[in-house]
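*Asks:* Fold the following.
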Amino acid sequence: MRVLHCLAQLPTRTGSGVYFHNLINEINKQTDWQQAALYALPANSFDQTSLQVELSQCSQDEIAEWIDCDSHYPVFFETEDIPFPIVGMSDEMPYPSTRYCRMDEEMINCWESSFYKELIRIKENYNPDVIISHHLWVLTAMVLEVFPDIPVIGISHGTDIRQARQNPEIAGRAVGSLRRLDRVLALADSHIEDLKECFDLLPEQIIVTGGAFDNKMFYPATHRPGSYNENFVTFLYAGKMSHAKGVYELVAAFADLYKKNPAIRLDLVGTADAEMKALLNSDNVPSQAIRLFDVESQAELAEHLRHSDVFVLASYYEGLGLIAIEALASGVALVSNNLPALSQQLAPSLEDTDLISWVELPRLRNLDEPYAEDIPAYVSRLSAAMEEQARRTLRTNGERENLSQSVQVFSWESLAAKLVQIVKDLS
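*Replies:* Numbering: from 1, shown residues only. So this is what the prediction gives:
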């Protein structure tokens, strides 16, 4: 069995990138299938004269998160052929990126041409038996065009729904109907109607599998409390530092709580832009209680989680919110906006725990933009939820280990096993 995996982004640093390479690695453990990977890279990451990508050629921060498959087909950006950064499915990516909505016709043509050439090369040299294509977007539509007689499984990460809503012209011109997909993996039941509407899918094509985490990397600390300073409750956020991720409201909620309880700390992991740095250096926040860390590898993030008490996910929209599951697997309490895909996935296993606090979202426009008049009340709700989990943070090891055990059903082993069976059923 020859399997091709396709992703039009960097295969790391984002939820879909992590999904991409972990799925490949886990399928390797469970089968003897040959696997190939098509993905995007910035030109300066690799020696383009070599077709086989070696770990020693990766930049330092990519080594721990790389992929191990038989054949690699990278498409290089920031080159003469594609003279702009990788195009991201989110407006804010944790690396230099281009937005689909800002691409002109020339940019679209060179993007499509480069991926099309690589797909043709794969067809001639690798000839896959089945294809797994990430994101129901432009690349997946191209895969269906180039491989009309091969089973194709599409994986929706939720951001494709947002792109279709935000960019209907691109969706109509470059994506269209994806009904020829043999199966579509969705993150949650709440996405089914959107997938049907946006991509002309039939209900019987869609299988809800949820997301997954690496249980070899994300696990609880052996001793609690395990924060950097046991006199403080440590809150942690890791991800993009953008308005859509609610980080500014998180800082405001933390500042409100700090006025009542100065025995708390907030760690922010991610790349801060000038606006965020200005906020953290202003008189509006207790800067002495907030620490900023640059983008970390998965291994470093896992260690950081084990030394934290409460993870806070204030994002207004997530395809799933995998980082929240990784936090729970690390034995860390969770404060999260009530994101439908995430809450639906966790409900069967963690419905009764009091180590998760769900926060009611404000009214939103364009899926991830809160109405300004709703923000103060939302910040108050978020601060109250953080205060609630701060009071519970001295829970015993056993309760936190139970939290971690409850999410083992969402491991990569489990998800890959489901996908392997789907592939076998299509063969």
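*Asks:* Run the chain-centre distance for the worst-scoring helix or strand of the chain on mean pLDDT.
*Replies:* Within the chain, no helix or strand scores below helix 397-406, which has a mean of 76 by mean pLDDT, DSSP states H and E. Distance, stretch centre to chain centre, for helix 397-406: 24 Å (C-alpha atoms, centre = their mean, to the nearest Å).
*Asks:* so Phe235 bridges to which residues?
*Replies:* Counting by DSSP bridges, Phe235 is bridged to Leu266, Val310.
*Asks:* To what extent is it buried, counted in neighbours?
*Replies:* For Phe235, the neighbour count with other C-beta atoms under 10 Å is 29. (Each C-beta comes from the backbone N, C-alpha and C, glycine too.)
*Asks:* about what we covered before: other residues contacting the least confident helix or strand of the chain?
*Replies:* 219-220, 223-224, 328-333, 349-350, 353, 355 (C-beta atoms under 8 Å, 6 or more residues apart in numbering).
*Asks:* residues in contact with Leu342?
*Replies:* If a contact means C-beta under 8 Å, 6+ apart, then Leu342 has 188, 313, 318, 320-321, 324-325, 336 as its contacts.
*Asks:* try it again with 7 Å
*Replies:* Neighbouring residues of Leu342 by C-beta atoms under 7 Å, 6 or more residues apart in numbering: 318, 320-321, 324, 336.
*Asks:* Buried ones from these, can you make that a ChimeraX selection?
*Replies:* Selecting only the buried entries of the contacts of Leu342 in ChimeraX, with 16 or more other C-beta atoms under 10 Å as the criterion:
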select :318,320,321,324,336
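*Asks:* between the contacts of Leu342, which is nearest Leu305?
*Replies:* Ala324 (10.8 Å; C-beta to C-beta).
*Asks:* related to what we said a few turns ago, give the next helix or strand downstream of the least confident helix or strand of the chain.
*Replies:* helix 412-426 (DSSP states H and E).
*Asks:* Show me what that following helix is packed up against.
*Replies:* When contacts are defined as 3 or more C-beta pairs under 7 Å, 6 or more residues apart in numbering; DSSP states H and E, helix 412-426 sits against helix 15-30.
*Asks:* circling back: and the contacts of Leu342, which two are the farthest apart?
*Replies:* Farthest pair in the contacts of Leu342 (C-beta to C-beta) is Leu320 and Ser336. Separation: 11.5 Å.
*Asks:* Note down every partner strand of the longest strand anywhere in the chain and its orientation.
*Replies:* What stands out as the longest strand in the chain, according to DSSP state E, is strand 34-42. Strand 34-42 has these partner strands in its sheet, going by DSSP bridges: strand 2-6 (parallel), strand 71-77 (parallel).
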